[in-house]
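>>> sequence first, predicted model second:
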Protein chains: 2
Amino acid sequence: MARAARLVEQALDVLLPSVDTAEGRVAEAMRYATLGGGKRLRAFLVMQAASLFSVAETCAARVAASVEMLHAYSLVHDDLPSMDNDDLRRGKPSTHRAFDEATAILAGDALQTRAFEILAEPDTHSDPQARCELVAALGAAAGARGMVGGQMIDMLSEGKTLDGPAVTRLQALKTGRLIQYSVEAGAILGRASAQDRHSLAAYGRDIGAAFQITDDLLDVEGSAEDLGKTAGKDLAAGKATMVAVLGVEMARAHADMLAAQAAKHLDGFGDRAACLRALAAYVVARRN
Amino acid sequence: MARAARLVEQALDVLLPSVDTAEGRVAEAMRYATLGGGKRLRAFLVMQAASLFSVAETCAARVAASVEMLHAYSLVHDDLPSMDNDDLRRGKPSTHRAFDEATAILAGDALQTRAFEILAEPDTHSDPQARCELVAALGAAAGARGMVGGQMIDMLSEGKTLDGPAVTRLQALKTGRLIQYSVEAGAILGRASAQDRHSLAAYGRDIGAAFQITDDLLDVEGSAEDLGKTAGKDLAAGKATMVAVLGVEMARAHADMLAAQAAKHLDGFGDRAACLRALAAYVVARRN
């Protein structure tokens, strides 16, 4: 994971705009929001899934950088005062605190733009069909029926009680779709068979759900120091989480079940998928 | 132009998400911000340029809908309280006034996502290479080195005095790049020769500049009733415009010169480009 993080950090530095022009402030904020932080889980998933099909690492690193930009944009906008109003992110002031609100909105906007642009560029894959599939898959994962739709439900559900299926759908949209996309992107880069792509998508769906439940457990049990973001916030805001629906014990058991199920989807890949299998265990055991 | 507007309105209605789910509020705001208003200048440019190469109207209408979504997203975000803080747009309350700030941010985000996703989908063009070129060209026009960069400079320049070249660059980024993209998108759809694409790009660059100067003249001389948005705002905010640099008379003469120059770039297309030629005249003669 450290190696993937290093590779994606280098790719991000090359692919993000430089700060030496009149509009350099927005590039500074894009770099601030994206570089030097985060677990790079999504990048790792792209690179590991791509490696199953012997995809060139430089191509995979571009797609990994793209999804980390998309993820960073969503964090910048989610932290805004009119959204979750969070001052702390990855152990630093959130982007609108370090810069200002207008710059943070623009930096998020331009990070999303760049994420799509990178996927369409020839260096990402020699086959334009693969590049189009990446753009369309990221669009489906990120838009009104994906990540943004999930954030909308999340905001509308504050203070309301959602049942289990409604929370599951909310989480699948808000974080699950982008995590699943990350795994599928590796399969798209590798021109995988329909069956292999299906297996990886199922793995991605399950670890996405396990990841989010663990996030909600950490929000209840973790400290801001461990997390690099404000703890206890979701609980205080009355957010709909699986922890609220199931309680801590049952939620943890459910996450563990999902992680085991995720690993099972990789049986067909044998030893080549050892890292992805280990990641499923890490996702539910992590402390931040 | 009315015909292009009707076609793009139909395409937008089909391509925008429906409002019948838990996250339907963001789809409602996307529809509110995009449907039933605007001159559809960018849509018209896509469709007219595409018609020079006999591109199927259904394909051109998809690309036209995509660029109108991208444009609508930029208006929604620009109108936000932390940006230009504008309550009126296209004769209606701006999106954050009709809904709320969080919903407006999310609707803008999802409009951008959908704009890129549509371009990558097979129905847009049979050749994936053309679809990739559209995505990459839109990315370059919309991002930190394009529209968003222009908006950043615009905000940073409030109350400052920019010289002519700096204002020209600001306007080229903020509105020119997306207008130029719209014309080039028609050429990409039509798999135009490098020379034809170059001529159309030059036309797009010049009418983009003429359009923006006319906008700034209308901000000084027009009424909110004509414009469907607040008049006199740029002047009051001390925004950098060519009207501020050149004065009203000289700015109008400059816009007329650019419109004539734009039309000249179309000589090679003969009578087929009559509509685009007429548009260059309209862009500087319009009252809203």
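Looks like it arrived, so ask away.
>>> the stretch 51-200 of chain A: strands as residue ranges?
Assigned by DSSP state E, counting those that start in this stretch, the stretch 51-200 of chain A shows strands spanning A:88-89, A:92-93.
>>> okay, the ones you listed, which one's buried deepest?
For the strands of the stretch 51-200 of chain A, the largest average neighbour count (mean count of other CB atoms under 10 Å in any protein chain shown) is found in strand A:88-89, namely a mean of 20. Using the backbone N, CA and C atoms, a C-beta is placed for each residue, glycine as well.
>>> that one pairs with which strands, parallel or anti?
The strands beside strand A:88-89 in its sheet (DSSP bridges) come out as strand A:92-93 (antiparallel).
>>> give the other helices and strands that the top helix by length along chain A contacts.
If you go by DSSP state H, chain A has its longest helix at helix A:194-221. Applying 3 or more CB pairs under 8 Å, 6 or more residues apart in numbering or on different chains; DSSP states H and E, we find helix A:194-221 packed against helix A:41-51, helix A:164-171, helix A:177-189, helix A:224-227, helix A:233-236, helix A:242-246, helix A:248-264, helix A:274-285.
>>> so what's residue A:125 closest to, chain neighbours aside?
Distance criterion CB to CB, 6 or more residues apart in numbering or on different chains; nearest residue to residue A:125, sequence neighbours excluded, is residue A:131 at 5.3 Å.
>>> from residue B:192, how far off is the one you found?
21 Å (CB to CB, to the nearest Å).
>>> same check on residue A:190?
Distance, residue A:190 to residue B:192, using CB to CB: 34 Å.
>>> could I get the full set of helices for the stretch 1-150 of chain A?
A:2-15, A:24-34, A:41-51, A:57-78, A:95-98, A:101-120, A:128-142, A:147-156 (DSSP state H, counting those that start in this stretch).
>>> redo those helices as TSV? Include mean pLDDT.
Shown next, in TSV, are the helices of the stretch 1-150 of chain A (pLDDT from 0 to 100):
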stretch	mean pLDDT
helix A:2-15	90
helix A:24-34	96
helix A:41-51	96
helix A:57-78	97
helix A:95-98	97
helix A:101-120	98
helix A:128-142	98
helix A:147-156	95
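>>> the residue of the stretch 151-288 of chain A found nearest chain B: neighbour count?
Scanning the stretch 151-288 of chain A for proximity to chain B using CB to the nearest CB identifies residue A:152 as nearest, at 4.2 Å. Residues near residue A:152, counting by other CB atoms under 10 Å in any protein chain shown, number 27.
>>> next: residue A:219.
For residue A:219, the count of nearby residues is 20 (other CB under 10 Å).
>>> please name the nearest non-neighbouring residue to it.
Using CB to CB, 6+ apart, the closest residue to residue A:219 is residue A:234 (4.8 Å).
>>> check residue A:57 too.
residue A:7 is the one closest to residue A:57 (CB to CB, 6+ apart), at 6.7 Å.
>>> now the one you found: how far from residue A:13?
Distance, residue A:7 to residue A:13, by CB to CB: 11 Å.
>>> these two: which has the busier surroundings?
residue A:7 (20 against 14).
>>> check contacts around the more buried one.
Counting by CB atoms under 8 Å, 6 or more residues apart in numbering or on different chains, residue A:7 touches A:43, A:47, A:57, A:61, A:64.
>>> if we go to 10 Å?
Residues near residue A:7 by CB atoms under 10 Å, 6 or more residues apart in numbering or on different chains: A:40, A:43-44, A:47, A:57-58, A:60-61, A:64-65.
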